[in-house]
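Participant: the following block contains a protein sequence and its predicted model.
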Amino acid sequence: MIYIEKGRREYIKASVSLFFGGFATLHNYIGFLLSEPPYSFRQSVLGFLFIVYIFGSFSSVYMGRKADVYGHARPLLLSVAATALGAFVTLAPSAVVKIAGLALFTFGFFGCHSIASVWIGERTRIHKAQASSLYLLLCYLGSSLAGTAGSYVCAHFHWGGVIALVLALLAFSYPFIQFTEKRRPSHGR
């Protein structure tokens, strides 16, 4: 999250990089897993896996409404948990269960993305364009760095290692979210 108040800037940016890093890593490497035996999916089937992004559309709306009711931190933490659970489910040997896990992972991630994006906009009092630009920079930086690290992990530790990396990235986002919530300015300022 990025928190900007009255010209004084505090950047709590790691959670954004971590969400996107986990998302890019899992989506980049699940195709490699499913193209190998025992699954041996064809490229046309692997391309069709991205249909799970439709769950992200539902998640953005649903989690946005939850953020309106409960504040940002609670639904964001729930979205991170759903993302982590989806990643964990992809460890199952069944291709159908893996795809269901991918759908849950995608649902959770887009909840994270929509809540974090709105939270930054609401927290920023001045320099809104810079805050949005920094948010996008961190999204792409996180996905680039974690996605690149994921190739090493995938080559040496296989799918279990990829999931461990994704879960670690998501777990590290929890303290940043909680810190951001505690630093929320009071309405009296």
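Facilitator: Everything's here; your move.
Participant: show me where this structure dips below the pLDDT cut-off.
Facilitator: Where the chain drops to pLDDT under 70, the residues are 1-14, 182-189.
Participant: quick one: the strands in it?
Facilitator: With strands called from DSSP state E, the chain shows them at 2-5, 8-11.
Participant: which helix in this protein runs the most residues?
Facilitator: The longest helix of the chain (DSSP state H) is helix 128-182.
Participant: the closest residue to residue 25 other than its chain neighbours: neighbour count?
Facilitator: The shortest distance from residue 25 to any non-neighbouring residue, by C-beta to C-beta, 6 or more residues apart in numbering, is to residue 150 (3.7 Å). Using the backbone N, CA and C atoms, a C-beta is placed for each residue, glycine as well. Neighbour count of residue 150, defined by other C-beta atoms under 10 Å: 24.
Participant: which residues are in contact with stretch 97-112?
Facilitator: Identification of contacts with stretch 97-112 by C-beta atoms under 8 Å, 6 or more residues apart in numbering yields 19, 22-23, 26-27, 30, 33-34, 49, 52-53, 55-60, 62-63, 75-76, 78-92.
Participant: type out the PyMOL command that picks the buried ones from the residues you listed.
Facilitator: Applying 16 or more other C-beta atoms under 10 Å to the contacts of stretch 97-112, the buried members can be selected in PyMOL as follows:
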select buried, resi 19+22+23+26+27+30+33+34+49+52+55+56+59+60+62+63+75+76+78+79+80+82+83+84+86+87+89+90
